[in-house]
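[1] for reference, the sequence and a predicted model appear below.
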Amino acid sequence: MWWKTVENILPAVSNIAVRIIIALVIYVIGKKVIKWLRKLLKRALERSGADEGVCQFLDSGAKILLYFVLVMAVVNQLGVETTSLVAVLGSAGLAVGLALQGSLSNFAGGVLILLFKPFKVGDYIIEDTHKNEGTVTEIQIFYTKLRTTDNRTVVIPNGTLANSSLTDVTQQDKRRVDLYVGISYDADIRKAKDVLRVIIEEESAKLDGEETAVFVDALEDSSVRLGLRFWVATPDYWNAKWRVTEEIKVRFDENGIEIPYNQLTVSLKTEESS
């Protein structure tokens, strides 16, 4: 009879239902416990004065490890032998390792970044190979995130950053502004240099006590190339550079100092009709 069949399978169905319910409860509670443990880890790291990049990296690693433990607990509750599952994962470890060489390289790169600290969260860096640049916002277990000046997010593998050259623009507290401008060969060089010296001295962002220089850099085909250098605090670099560049043009115009530009002269030859 069909009801006997139902009576026979009912205990098994009930057992499976109970296992599923308990597994769901374990998963829900486990997620909350993981969130709580990550908060404890973050607070402990902040109290120890750890670098923000280290905090982000360890948080990413702890998240992966804790969720792995949670998944194993859920799978075990559903009746799957975790020992056999671990054995299967172990036997497949070589293949997985070969398939994930890039990810392992990125993980190792993240460890190297945290150990040797070529940059930290908050630094503005330029990755020289692909010319990606921006402010470091996160150093995760596999990737580092940059925020560009126009508010885009650039995600770079840690392996790339660890194995290529990069420029940390903001690591130092001061930067030197280097500017070059060409003047006509007919212009008074000494007068032009005096104007540049005045511009430097009047620049509000210039650091007192630091070296300044105004010099003739090169004698080019159609202009005399002058250069000027002065030091500013790193946060003031771009505003000072833009401000001085504009001031050079204004002051040169006021003093009749010509800045030459490329010109093309076209001569038309006509034949007179006989």
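    Good, I have the coordinates.
[2] list the residues that contact residue 183.
    By CB atoms under 8 Å, 6 or more residues apart in numbering, the contact list for residue 183 reads 189, 192, 223-224, 226, 252, 257-260. (Each C-beta comes from the backbone N, C-alpha and C, glycine too.)
[3] any of those residues buried? List them.
    Buried by 16 or more other CB atoms under 10 Å: 192, 223-224, 226, 252, 257, 260, out of these.
[4] among the residues you listed, which are in strands?
    Judged by DSSP state E, these include 224, 226 as members of strands.
[5] what's the closest of the buried ones among the contacts of residue 183 to residue 36?
    residue 226 (63.8 Å; CB to CB).
[6] which helix or strand lies directly C-terminal to the helix or strand hosting residue 17?
    Following DSSP states H and E, one finds residue 17 within helix 2-47. Reading on from helix 2-47 to the C-terminus, the next helix or strand found by DSSP H and E is helix 52-77.
[7] for that next one, name the packing helices and strands.
    With contacts taken as 3 or more CB pairs under 8 Å, 6 or more residues apart in numbering; DSSP states H and E, helix 52-77 sits against helix 2-47, helix 82-91, helix 101-116, strand 132-139.
[8] could you pull up phi and psi at residue 120?
    Note on residue 120: its backbone torsions stand at phi -140, psi 170 [degrees, to the nearest 10].
[9] tell me the spacing between it and residue 225.
    Per CB to CB, to the nearest Å, residue 120 is found 38 Å from residue 225.
[10] when those two are compared, which one has more neighbours?
    residue 120 (18 against 14; other CB atoms under 10 Å).
[11] go ahead and confirm the more buried one touches residue 56.
    No: Residue 120 is beyond contact range of residue 56, at 10.7 Å (criterion: CB atoms under 8 Å).
[12] shared neighbours, those two?
    The contact sets of residue 120 and residue 56 overlap at residue 139 (CB under 8 Å, 6+ apart).
[13] worst mean pLDDT among the helices and strands packed on helix 52-77?
    Per-stretch mean pLDDT for those is lowest at helix 82-91 (a mean of 57).
[14] any chance of a markdown table for the buried ones among the contacts of residue 183, columns distance to residue 49 and pLDDT?
    As requested, the buried ones among the contacts of residue 183 are arranged in a markdown table below (distance: CB to CB, whole Å; pLDDT from 0 to 100):
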| residue | distance to residue 49 | pLDDT |
| --- | --- | --- |
| 192 | 52 | 97 |
| 223 | 54 | 93 |
| 224 | 54 | 96 |
| 226 | 48 | 97 |
| 252 | 51 | 97 |
| 257 | 54 | 95 |
| 260 | 56 | 91 |
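[15] out of the buried ones among the contacts of residue 183, which comes closest to residue 41?
    Of all the buried ones among the contacts of residue 183, residue 226 has the smallest distance to residue 41: 56.7 Å, by CB to CB.
[16] contacts only, for that closest one.
    180-183, 189, 192-193, 196, 214-217.
[17] just the ones of the residues you listed in helices?
    Mapping these onto helices (DSSP state H) picks out 189, 192-193, 196.
[18] let me know the closest of those to residue 67.
    Of the ones in helices among the contacts of residue 226, the one sitting nearest to residue 67 (CB to CB) turns out to be residue 196, at 61.3 Å.
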